[in-house]
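1. Predicted structure and sequence below. I'll ask about it afterward.
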Protein chains: 2
Amino acid sequence: MSKQTKRTAISPRRDQNYPEWYQQVIKAADLAETSVVRGCMVIKPWGYALWENVKQQLGKMIKDAGYQDAYFPIFIPLRFFEKEAEHVEGFAKECAVVTHSRLQADGSGQLLPVSKLEEPLIVRPTSEVIIGESFSKWVKSYRDLPLKINQWANVVRWEMRTRMFLRTSEFLWHEGHAVHASAEEAKTEAIQNLNVYRTFVEDCMAMPVISGKKSESEKFPGADETYCIEAMMQDKKALQAGTSHFLGQHFARSSGIKFVNQDGDEEYGWTTSWGVSTRLIGGLIMTHSDDNGLVLPPRMAPVHVVILPMFNDENKSTVLEYCESVKLGLSAQKYHGLDLAVKVDTRDVRGGEKFWSWVKKGVPIILEIGMRDIDKGNVCLTRRDSLYTDKQFINKDTFVKTAQEILDDIQKVLFERAKEYREKNTVDIASKQAFYDFFESNESGFVRTHWSGDPKIEQTVKQDLGVTIRCLPLDENESGVCPFSGEFSKQRVIWSRSY
Amino acid sequence: MSKQTKRTAISPRRDQNYPEWYQQVIKAADLAETSVVRGCMVIKPWGYALWENVKQQLGKMIKDAGYQDAYFPIFIPLRFFEKEAEHVEGFAKECAVVTHSRLQADGSGQLLPVSKLEEPLIVRPTSEVIIGESFSKWVKSYRDLPLKINQWANVVRWEMRTRMFLRTSEFLWHEGHAVHASAEEAKTEAIQNLNVYRTFVEDCMAMPVISGKKSESEKFPGADETYCIEAMMQDKKALQAGTSHFLGQHFARSSGIKFVNQDGDEEYGWTTSWGVSTRLIGGLIMTHSDDNGLVLPPRMAPVHVVILPMFNDENKSTVLEYCESVKLGLSAQKYHGLDLAVKVDTRDVRGGEKFWSWVKKGVPIILEIGMRDIDKGNVCLTRRDSLYTDKQFINKDTFVKTAQEILDDIQKVLFERAKEYREKNTVDIASKQAFYDFFESNESGFVRTHWSGDPKIEQTVKQDLGVTIRCLPLDENESGVCPFSGEFSKQRVIWSRSY
């Protein structure tokens, strides 16, 4: 059957209406829904389980990188927020401001905010300032450095155009913050942290990414340098999946983070910060899912194997017993440090509907087990990554023994598929005309060109085409000629439309 | 040495100034500190690790009770917050209200809140209303029930008098919310959830608690019945450590949570909720700690065994190697499902100072290891629960083999000690005069009396003595005569001063 004629579980298909397809995948997998609060979403259990898998696996890597978890206030008093000028400039336009501490009914019974605060409080959009305030007390000497602290928290940015997971007014994230004794050490840390992200996102989420540096205009407000990982979605747009910042001494100066160095002199510290958010889940959905719904890489799946028993009144106990024995053999195993998660779905739901509900939820392996399979000592296996081509009848014990290998293979296939897609949709362009032709022809993708470094070029291209420099890849070092200005270019950069 | 003459690591001692002792224990253990935000605290790594242990162990129990984790918006639009009258009444006096979504500089450069919201948003003090809004969409039929959802989140209550961990404007908690098909089922759930708390708090935190029901005046705003666990601190005051609510149909009606029952008729659901917060850490500190600092029950300790190597330049490598071999033998073990956590402290700090730093942090077992111990194949062991009486020299391999038993024994000793303390300070009183004499003589403790059920008695006693009914214990059922009114009493209740 050709893709065009087959009925798919998700409508519209990706090629018909990508943004709407994305919303429908979320709905069909029951990941999240919009809420009554402007721009905020409700993360439902299946979606939250994905975030818990991020927390568990990335959380371990963050600890291994020497970060200790802590928790800081959600509110930032205005006078602290104001301290770093660029930072304020970047966040003042979109922040939730608490101004009152009490509600009281007026004459008509309508509740109104009363007890005005002496100083407004900003709901944290990020925590450099409030954590910096603590750091200024905790750091005294070079012996206290590096100081590395991590926080898992909610943050609020009053975004005007929101989209579930990708851009919401409130989101969940981790933010790591550190103080170092020198600029070199801080820069090295920022790049090491970026590598932690790349490893996590590629190995666990099966999302290939390009590690790079942001141009001046795309930097974090208050940073000297922002490093990022960029992924390509299936509409060929870029998604910034994580950022790591070298903050220079900006925040150390504004927060007063000073230390006595080995020579006995007092100097300002050098700070770094890094963060990834629930946005990663949006990237996960858009990287792997297909026209039948969510596709989960095994290392992110809340359930690795779902077993669908097919029985009638007569053979019910035989079938269920067989299914439980498969479950037992799997549940005893670990999968990359997590429990191998198996679910037997005994809901009273039609077989087809039940099967498709798990397809739409993206579970890597679906087993259908009826009397005919049991008689042969088999299970009937469907891999989510190759839904139509790969229904296999295999020996039960063989399956239990090789389940981890099959999961690893699915993980690998998804990564390779995404990488191939990105490579197929990445082009090198050497002339301005060809560049404009490419993006004006409604084509998308990653375009590699040389660039002189002039921010005016970025600005013009953005205005003309809605395309930005996603990053200056860290592994590019060939110099050349900027096609926009004819000037010298130190390295190629990557342009793309983006989320 | 008598307690009075010995110099203690914490000053003042408990018997000198209990509230100040509490602050000093927190400081000495480096658990938390006050922040620049009114009433909010910074939870430092050692304190946050305690909360992570709560999350990990209690979190598993909550999942085992059938709750799925999810996440709901931090903001509640005013029109939703208003829906449940008693609830608003209870929380309107102390809430953070977001009124603007942007900051802008005025003529003088001063940033001011602008872009006033059409409707104020309340920062969640608890999430019944916002979760109820989702529940009203998720629940359609009796087949959807019970619906059980849990959230780990931060909440804000604008408390006037705050104290670290015990009462802060922002705190961290879990809140479980469920919808049931009948009042009976909901009540049973509320009591089962209370039992989960009791099990966790007694078994993991080694805090003995009394399970009971709150009187009408102490109920959660909007609840039909509030159940609680109450613990006694070392100043003989009560700490409410957790609550579980039977909410009747109040929130189901205000949020429109309706379902079609088995007869095909539509009816309102019956809801429950339960929560414990970072307040538990305050209770943990006050239950076990002594005049030398924090004392941690092993099942809550971020580090179970700390090893202090004592060496000079000559024998350094021998000593460190021996210490690492002890660590290796321990780290391979699990302790009640957690990794047995061992730390070798090689900091360049004087031996005494180093030893006492871990005493103050409450680590259950401290090992000191020098050449003399190594020559004999020994370790020198100090148990935190019996600091002065129990320094033992024991064979290294014996220790590695029995470490879990020693930890379990410490856990048990702490629980028994706390339970004995509570029992010693609980009295039955049968006359109003004796009751007033007891509390007016500056005595504290738990006092058991009969009570007619009349809320006016509670009010009077509270005004006269600052003493409240902590709970109507679930295991009390002997009727008698109320000493305050002479009327019939269904059961004894527990009175105490409280946090």
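-> Ah, there it is.
2. Can you verify my assumption that A:M232 contacts A:N425?
-> Yes. With contacts counted by CB atoms under 8 Å, A:M232 reaches A:N425, the gap being 6.5 Å. The C-beta positions use only the backbone N, C-alpha and C, and glycine is treated the same way.
3. ok, the two, which is more surrounded?
-> A:M232 (31 against 17; other CB atoms under 10 Å in any protein chain shown).
4. That one: what's it in contact with?
-> A:M232 makes contact with A:P208, A:A238, A:L239, A:A418, A:Y421, A:R422, A:N425, A:T426, A:G445, A:F446, A:S496, according to CB atoms under 8 Å, 6 or more residues apart in numbering or on different chains.
5. Quick check: neighbours shared by A:M232 and A:N425?
-> Shared contacts of A:M232 and A:N425, counting by CB under 8 Å, 6+ apart, come down to A:G445, A:F446.
6. can you pick the most crowded of the contacts of A:M232?
-> A:A238 (26 neighbours).
7. For chain A, name the helix or strand with the lowest mean pLDDT.
-> helix A:85-91 (a mean of 86; mean pLDDT, DSSP states H and E).
8. Quick one: residues in contact with that helix.
-> With CB under 8 Å, 6+ apart, helix A:85-91 has contacts from A:81-82, A:125-126, A:128-129, A:157, A:220-222, A:250-251, A:254, B:103, B:111.
9. Which ones among those lie within helices?
-> Those of these mapping onto helices are A:F81, A:E128, A:V129, A:H250, A:F251, A:S254, per DSSP state H.
10. can you give me the helices for chain A?
-> Going by DSSP H, chain A shows helices at A:18-29, A:45-64, A:78-81, A:85-91, A:128-138, A:183-203, A:250-255, A:279-288, A:316-331, A:351-361, A:371-375, A:396-424, A:432-440, A:455-465.
11. hey, which of those is tucked in deepest?
-> Of all those, helix A:279-288 has the most neighbours on average by mean count of other CB atoms under 10 Å in any protein chain shown, namely a mean of 25.
12. can you pull the contacts of the residue of the stretch 151-300 of chain A found nearest chain B?
-> Nearest residue of the stretch 151-300 of chain A to chain B (CB to the nearest CB) works out as A:W158 at 4.4 Å. Applying CB under 8 Å, 6+ apart to A:W158 gives the contacts A:G39, A:K93, A:E94, A:C95, A:A96, A:S169, B:S101, B:R102.
13. Relative to A:A9, how far out is it?
-> 35 Å (CB to CB, to the nearest Å).
14. Could you check how many residues crowd around the residue of the stretch 301-450 of chain A found nearest chain B?
-> Using CB to the nearest CB, the closest approach of the stretch 301-450 of chain A to chain B is made by A:D348 at 9.0 Å. Neighbour count of A:D348, defined by other CB under 10 Å: 6.
15. got a pLDDT number for A:R38?
-> According to the prediction, A:R38 has pLDDT 89.
16. An error on my part: the question was meant for A:K6.
-> Residue-level pLDDT assigned to A:K6 equals 69.
17. can you check A:V123 too?
-> So A:V123 comes in at 98 (pLDDT).
18. Please name the residues that touch it.
-> Counted by CB under 8 Å, 6+ apart, A:V123 has contacts A:I74, A:F75, A:I76, A:C95, A:A96, A:V97, A:V98, A:V155, A:V156, B:I74, B:V98, B:V123.
19. can you do 6 Å?
-> Taking CB atoms under 6 Å, 6 or more residues apart in numbering or on different chains, we find A:V123 in contact with A:A96, A:V156.
20. Mind listing the residues bridging to it?
-> A:F75 (DSSP bridges).
21. circling back: what's the closest non-adjacent residue to the residue of the stretch 151-300 of chain A closest to chain B?
-> A:E94 (3.9 Å; CB to CB, 6 or more residues apart in numbering or on different chains).
22. What's the separation between that neighbour and A:C228?
-> For A:E94, the distance to A:C228 - CB to CB - is 20 Å.
23. higher neighbour count, the two?
-> Legend: neighbour count by other CB under 10 Å for A:E94 and A:C228, higher for A:C228 (25 against 18).
24. quick one: the more buried one and A:A238 touch, right?
-> No. In this structure, A:C228 is not within contact of A:A238 by CB atoms under 6 Å, at 9.8 Å.
25. middle-most residue in chain A, spatially?
-> By CA atoms, centre = their mean, the mean C-alpha position of chain A lies nearest to A:L280, the distance being 1.2 Å.
26. any idea how far that residue lies from A:Y335?
-> Distance from A:L280 to A:Y335, by CB to CB: 20 Å.
27. can you check A:F435 too?
-> For A:F435, the distance to A:Y335 - CB to CB - is 45 Å.
28. which parts of the stretch 1-150 of chain A sit against chain B?
-> A:35-37, A:40, A:42-45, A:48, A:68-75, A:82, A:92-93, A:96-103, A:111, A:113, A:120, A:133-134 (CB under 6 Å from any CB of the partner chain).
29. between the ones in helices among the contacts of helix A:85-91, which is nearest A:Y22?
-> Checking these against A:Y22 by CB to CB gives A:E128 as the nearest, at 31.4 Å.
30. show me what contacts the closest one?
-> A:E128 neighbours (CB under 6 Å, 6+ apart): A:F251, A:S273.
31. mind redoing it with 8 Å?
-> Contacts of A:E128 (CB under 8 Å, 6+ apart): A:E84, A:H87, A:H177, A:G222, A:L247, A:F251, A:T271, A:S273.
32. Quick one: neighbours of the third one, just the number.
-> By other CB under 10 Å, 28 other residues sit near A:H177.
33. Now stretch A:302-317: average pLDDT?
-> According to the model, stretch A:302-317 has a mean pLDDT of 96.
34. just the contacts of helix A:85-91 now: which is nearest B:E184?
-> A:R157 (45.5 Å).
35. how far away is the closest one from A:E170?
-> Distance from A:R157 to A:E170, by CB to CB: 8 Å.
36. Counting neighbours, go ahead and name the busier of the two.
-> A:E170 (24 against 20).
37. Wondering if stretch A:285-304 reaches chain B at all.
-> No. Stretch A:285-304 lies apart from chain B when judged by CB under 8 Å from any CB of the partner chain; the minimum separation is 10.0 Å.
38. buried stuff in that stretch?
-> Residues of stretch A:285-304 classed as buried: A:285-304 (neighbour count, 16 or more other CB atoms under 10 Å in any protein chain shown).
39. Also stretch A:153-172?
-> Those would be A:153-159, A:162-172, for stretch A:153-172 by 16+ other CB under 10 Å.
40. Quick one: mean pLDDT over it.
-> Here the average pLDDT along stretch A:153-172 is 95.
41. Start and end of it, how far apart?
-> 6 Å (CA to CA, to the nearest Å).
42. Work out the gap between that stretch and the centre of the chain.
-> Computed by CA atoms, centre = their mean, to the nearest Å, the chain-centroid distance of stretch A:153-172 equals 13 Å.
43. again, but for stretch A:338-356
-> Distance, centroid of stretch A:338-356 to centroid of chain: 27 Å (CA atoms, centre = their mean).
44. now do stretch A:366-381
-> 37 Å.
45. same deal with stretch A:444-458?
-> 25 Å.
46. Kindly state the pLDDT recorded for A:F393?
-> 95.
47. what bridges to it?
-> A:C380.
48. tell me the contacts of it?
-> A:D373, A:K376, A:N378, A:V379, A:C380, A:L381.
49. so how far is A:R383 from A:V342?
-> A:V342 is 16 Å from A:R383, by CB to CB.
50. quick one: which of these two has more around it?
-> A:V342 (22 against 18).
51. Low-confidence ranges, the stretch 301-450 of chain A, go.
-> Low-confidence segments of the stretch 301-450 of chain A, defined by pLDDT under 70: A:390.
52. A:S479 contacts A:R492, doesn't it?
-> No. Counting by CB under 8 Å, A:R492 is not a contact partner of A:S479; they are 9.4 Å apart.
53. intersection of neighbour lists for the two?
-> With CB under 8 Å, 6+ apart as the test, A:S479 and A:R492 both reach A:H450.
54. Name the residue in those two with the higher neighbour count.
-> A:R492 (20 against 11).
55. Check what pLDDT the residue nearest to A:N150 when sequence neighbours are not counted gets.
-> Excluding the flanking residues, the one nearest A:N150 by CB to CB, 6+ apart is A:Y67, at 3.9 Å. pLDDT for A:Y67: 98.
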